[in-house]
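1. quick one, fold the following:
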Amino acid sequence: MSSEKKSSLNLAEQINLIRAGVMGANDGILSVAAIVLGVAAATNNVATILLAGMAGMLAGTISMAMGEYVSVHAQRDAEKRAVADETVRLHVNPDAEQQFVEDKYVATGISRELAHKATAEMFAVSPLNTAVRERYNIDPTKSTSAVGAAIISMLSFPLGSALPMLMISFAPNRLKIPLTIVAVIIALAITGAAAARLGNAKIGRATLRNIVAGLITMAVTYGVGHLFAR
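-> Next up is the predicted model:
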């Protein structure tokens, strides 16, 4: 049983790190693309465009890493509080907690007899884990790494941002903007599909949503850049 729990924990950690990597790359692609396109709309100076892109990449990398670190820690603090609260409830009135779980199963359509039997068996093995899972929809046997998520985000954001910076820097002058937009759309389609797959969502809808959000973002920053064009 211990090996099975360890395997499950490792899988949860891997999914969390992959999620952080996909989201970091997606934000890097979109954020820096929006910045360089906005600046490119205002000036043809490649050094200025690269400087703006580098500043955005640096700021975004730090922001994503710290955001992931704080977010995961906040989630873990909430989970710890849920476990502590449920520990008190089980100590004060364990029958009420078992009845809560049983009623929850009955509400899903399970017969009272089967719900009572299943609840009794689970509480006999692991009352705290069962109560926390059913009341808060949290699995206390699984955890996520705040440091790992921060590191993955810190690496994936600049990797994602490298694509629009390279395209806007080295593409022919007349094709800089359209080629950058096309490259970003393709990259957003990939990250959108990957994020949907991780979340068990509809890939087509999630991918389209990611692309549309990217196009709107780039259009806004490009338009703002035009206001300051020289």
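2. from here on, contacts and neighbour counts on C-alpha atoms
-> Will do.
3. I'd say Ala193 and Ala206 touch.
-> Yes. Using CA atoms under 8 Å, Ala193 is in contact with Ala206, at 6.6 Å.
4. comparing those two, which residue is more hemmed in?
-> Remark: of Ala193 and Ala206, Ala193 carries more neighbours, 22 against 19, as counted by other CA atoms under 10 Å.
5. contacting residues for that one?
-> Residues counted as contacts of Ala193 (CA atoms under 8 Å, 6 or more residues apart in numbering) are Ile203, Gly204, Ala206, Thr207.
6. tell me which helix or strand it sits in.
-> Per DSSP states H and E: Ala193 is located in helix 176-198.
7. next one: Ala131
-> With DSSP H and E as criterion, Ala131 is part of helix 127-136.
8. report pLDDT for the residue located most distally from the centre of the chain.
-> Farthest-out residue of the chain from its mean C-alpha position, per CA atoms, centre = their mean: Glu113, at 40.3 Å. If you check Glu113, the pLDDT there is 93.
9. for Lys202, which non-adjacent residue is spatially closest?
-> Nearest residue to Lys202, sequence neighbours excluded (CA to CA, 6 or more residues apart in numbering): Ala196, at 6.3 Å.
10. the bottom helix or strand of the chain by mean pLDDT?
-> Least confident helix or strand, the chain: helix 2-42 with a mean of 77, by mean pLDDT, DSSP states H and E.
11. chain center to that helix, what's the gap?
-> Put simply, helix 2-42 sits 6 Å off its chain's centre (CA atoms, centre = their mean, to the nearest Å).
12. next one: stretch 64-83
-> So, by CA atoms, centre = their mean, the centroid of stretch 64-83 is 13 Å from its chain's centroid.
13. so what angle separates the directions of whatever helix or strand Leu215 lives in and helix 2-42?
-> Per DSSP H and E: Leu215 is located in helix 203-227. Interaxial angle of helix 203-227 relative to helix 2-42 (axes from the mean of the first three to the mean of the last three CA atoms, to 10 degrees): 30 degrees.
14. quick one: buried residues of helix 203-227?
-> For helix 203-227, a neighbour-count test (16 or more other CA atoms under 10 Å) marks 203, 206-208, 210-211, 214-215, 217-219, 221-226 as buried.
15. pLDDT below threshold where in the protein?
-> For the chain, the stretches flagged by pLDDT under 70 are 1-12, 230.
16. and if we set it to 80?
-> Within the chain, the segments meeting pLDDT under 80 span 1-17, 141-145, 199-200, 228-230.
17. residue contacts, Leu179?
-> Leu179 neighbours (CA under 8 Å, 6+ apart): Met167, Ile168, Ala171.
18. drop anything exposed from those residues.
-> Among those, those scoring as buried are Met167, Ile168 (criterion: 16+ other CA under 10 Å).
19. inside helices: which ones of the contacts of Leu179?
-> Counted as lying in helices by DSSP state H, out of these, are Met167, Ile168.
20. show me what the biggest helix by length in the chain is packed up against.
-> Using DSSP H to assign secondary structure, the helix with the most residues in the chain is helix 46-92. Contacts defined by 3 or more CA pairs under 8 Å, 6 or more residues apart in numbering; DSSP states H and E place helix 46-92 against helix 2-42, helix 127-136, helix 146-170.
21. quick check: angle from the first one to helix 46-92?
-> Okay, so that is helix 2-42. Here the directions of helix 2-42 and helix 46-92 differ by 150 degrees (the same axes, to 10 degrees).
22. ok and helix 2-42 relative to helix 176-198, angle-wise?
-> Between helix 2-42 and helix 176-198, the angle comes out at 160 degrees (the same axes, to 10 degrees).
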